[in-house]
Each structure stands twice: as C-alpha cells, then as structure tokens.
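K.L.:
This is a predicted model, with the sequence first.
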Amino acid sequence: MTTAVTGATGNLGGLVVDALIERGVAPADIVAVVRNADKASPLAERGVVVRVADYSDSAAMTAALAGVDKLLLVSGSEVGQRIAQHTNVIEAAEAAGVGLIAYTSLLAADTSGVSLAPEHKATEERLAASSIPAVFLRNGWYWENYLGSLAQTIEGGVLLGAAGNGKLAAASRVDFAAAAAAVLTLDDQGGKIYELGGGERLTYAELAAVISEISGTSIVYTDVTESEYAAILQGAGLPDFVATMLASADAGIARGELDTHSGDLQALIGRASTPAAEVLRAAV
C-alpha cells in the first residue's frame with residue numbers, strides 16, 4: 001500500500017509524513033510530492049520516496065502519483081488559485097488510478113462564511129464528482145496561527161481581534177497531522193467527512209487569559225469589527241488578502257463557524273487535543 005502526501009515539505013505535510021512513520025508505515029511506502037527536491041532531502045535520507053511536481057503541472061503530478069494507492073491532498077497555499085490547482089491534482093490522481101483521496105478542508109466548509117471556505121467547498125464538490133472515493137478532513141484553526149503576533153500581544157498587553165464571544169475549537173498542527181495519518185491507515189474511509197477541532201474551545205477573552213498565564217503579563221482582549229480589524233492588520237503591513245482572510249476568520253469564530261463538538265479529532269488520534277497553553281508556552 002503506497003501513500004502519497006502532497007506539500008510534504010510544508011508545515012502540515014511534513015508532520016503527516018512523520019505521523020505515518022510513527023503509525024508503522026514503511027518510509028519506502030510513502031511518496032512525498034514536493035516542489036523542491038533539495039528541500040526534501042531529509043525525507044529522502046529517511047527512505048521516503050521523493051517525487052517533484054507542482055500543483056499547476058498536471059503532467060508532472062500524474063507521473064508523481066503513478067502507483068499510489070492513497071493520496072493526501074494538502075490544500076494549496078495560493079489563495080485564489082486553489083480551485084484550479086486542486087482540480088489538476090484530482091485529475092492527475094484519476095489518470096494515475098489512485099484508490100482514495102483524503103483532502104484537508106475547513107470546518108463546515110459547505111456552510112461556512114469564512115473567506116477561505118468557497119475554495120474548499122468547490123474542491124469538495126469536485127472530489128464528490130470524481131470516480132475516486134474521497135474523505136474530507138475538515139480542519140479547524142491551528143493554535144500556531146497565533147504565534148506570529150504573540151510577541152506583539154505580550155509586549156502590548158492586548159490581544160486584538162474580531163471574534164466577539166465566539167468559541168474557537170483550535171488544536172495543534174501535530175494533532176491535525178496525526179488525524180490525517182490515522183485516516184490514511186484505516187480502511188473504508190471513502191465518503192466520510194470529519195469535522196476536526198480541539199476540545200478546549202476558547203473565546204478570545206479566555207485565550208488572552210492563557211497568554212497572561214504563560215507569559216506572566218496581563219493580557220486583555222479588545223474586540224473590534226471585522227472591517228476595523230482588517231484595516232489594523234493592513235496598517236501593520238500585512239498584505240490586503242492576508243488581512244482580509246484573518247479578519248474573516250475572526251468573524252467566523254464570532255458566528256461559531258470554527259467551533260465543533262464533534263469529537264472526531266480526539267477519536268482519530270486516540271487522545272485529547274493539544275491545549276493552547278502547550279503550543280504557546282513553547283514559543284514564549
């Protein structure tokens with residue numbers, strides 16, 4: 001049984017490769033699909049098969065997926081280009097005769113108002129129309145998403161956002177990677193949908209309290225509107241599309257769209273999800 005992971009040198013894909021090996025999958029049975037072979041040299045040194053293909057290169061992707069039984073399609077990072085890129089990968093998988101595609105989607109992708117959702121929804125619809133059985137891994141937010149602004153939050157004593165009193169069921173990348181690896185090593189996964197989120201479920205005010213505890217600094221949460229938050233992020237130098245995405249995600253938190261009671265993540269990984277304090281404390 002050969003399992004391929006796209007984006008295998010990325011933050012999530014690399015962790016999935018690690019998790020597959022931890023679950024007993026032989027490195028020689030793992031295909032790491034990457035854009036840069038040099039960056040994947042540590043994987044090759046571990047015995048993982050490295051194949052080079054870009055999401056936009058259909059021919060290269062078809063060749064990279066030759067002989068693959070199961071594929072993890074890690075959603076691309078180029079927002080706005082992902083429907084076309086994901087379609088290329090799916091068509092390549094169809095041409096290569098892949099037996100199962102697992103796709104890293106977004107919590108409640110079919111109903112979410114978060115700006116990231118439409119591309120995920122479109123990809124899910126294309127997968128549903130495919131001849132290949134598919135399983136949707138609807139990932140929630142990562143606690144790591146807050147690391148980039150953590151120093152500024154601690155220095156200023158303010159966690160800024162537009163999440164209102166909404167609950168956030170986040171978890172660590174390691175958790176989501178472990179869930180993906182579990183699905184890839186289980187049978188009869190085609191047609192399943194997993195709503196994946198952490199069990200801690202914090203409001204931003206509660207997240208501010210966690211940051212206060214681990215930093216020894218008093219942090220308060222200040223809530224602003226979605227448009228105000230986007231403007232603040234743009235003023236801080238973030239590209240417009242990133243600022244819009246982050247503000248939209250916060251508005252989704254306020255609406256409950258990045259929260260879940262499903263327990264799917266915990267069931268797949270066989271343990272509780274990683275607490276925010278553990279992820280943030282390591283960075284502090």
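P.N.:
Looks like it arrived, so ask away.
K.L.:
And residue 136, which helix or strand is it part of?
P.N.:
strand 134-139 (DSSP states H and E).
K.L.:
Mind listing residues that contact whatever helix or strand comes next after that strand?
P.N.:
Downstream of strand 134-139, the first helix or strand assigned by DSSP H and E is helix 150-156. The contact list for helix 150-156 (Cβ atoms under 8 Å, 6 or more residues apart in numbering) reads 146, 159-160, 211, 215, 217, 219, 280, 283-284. Backbone N, C-alpha and C define where each C-beta goes, glycine included.
K.L.:
coming back round to it: any idea of the mean pLDDT for the strand holding residue 136?
P.N.:
In this model, strand 134-139 has a mean pLDDT of 98.
K.L.:
that older thread, got a quick PyMOL command for the buried subset of the contacts of helix 150-156?
P.N.:
Per 16 or more other Cβ atoms under 10 Å, the buried members of those correspond to this PyMOL selection:
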select buried, resi 146+159+160+211+215+219+280
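K.L.:
circling back to that earlier point, list the helices and strands the strand holding residue 136 packs on?
P.N.:
Applying 3 or more Cβ pairs under 8 Å, 6 or more residues apart in numbering; DSSP states H and E, one finds that strand 134-139 makes contact with strand 100-106, helix 117-128, helix 173-184, strand 193-196.
K.L.:
picking up where we left off before, which single one of the contacts of helix 150-156 is nearest to residue 197?
P.N.:
residue 146 (15.5 Å; Cβ to Cβ).
K.L.:
ok, the contacts of helix 150-156 vs residue 129, which is closest?
P.N.:
Using Cβ to Cβ, the contacts of helix 150-156 come closest to residue 129 at residue 146, 36.3 Å.
K.L.:
which residue packs closest to the closest one, ignoring adjacent ones?
P.N.:
residue 280 (6.9 Å; Cβ to Cβ, 6 or more residues apart in numbering).
K.L.:
Wait, the one you found touches residue 211, no?
P.N.:
Yes: between residue 280 and residue 211 there is a contact under Cβ atoms under 8 Å: 6.3 Å.
K.L.:
follow-up on the earlier one: now the strand holding residue 136 and strand 100-106, what's the angle there?
P.N.:
Angle of strand 134-139 versus strand 100-106, following axes from the mean of the first three to the mean of the last three Cα atoms, to 10 degrees, is 30 degrees.
K.L.:
Give the partner strands of strand 134-139 in its sheet and their orientations.
P.N.:
Here strand 134-139 has these sheet partners by DSSP bridges: strand 100-106 (parallel), strand 193-196 (parallel).
K.L.:
what's in contact with that strand?
P.N.:
Contacts of strand 134-139 (Cβ under 8 Å, 6+ apart): 100-109, 120, 124, 127-128, 176, 179-180, 183, 189-196.
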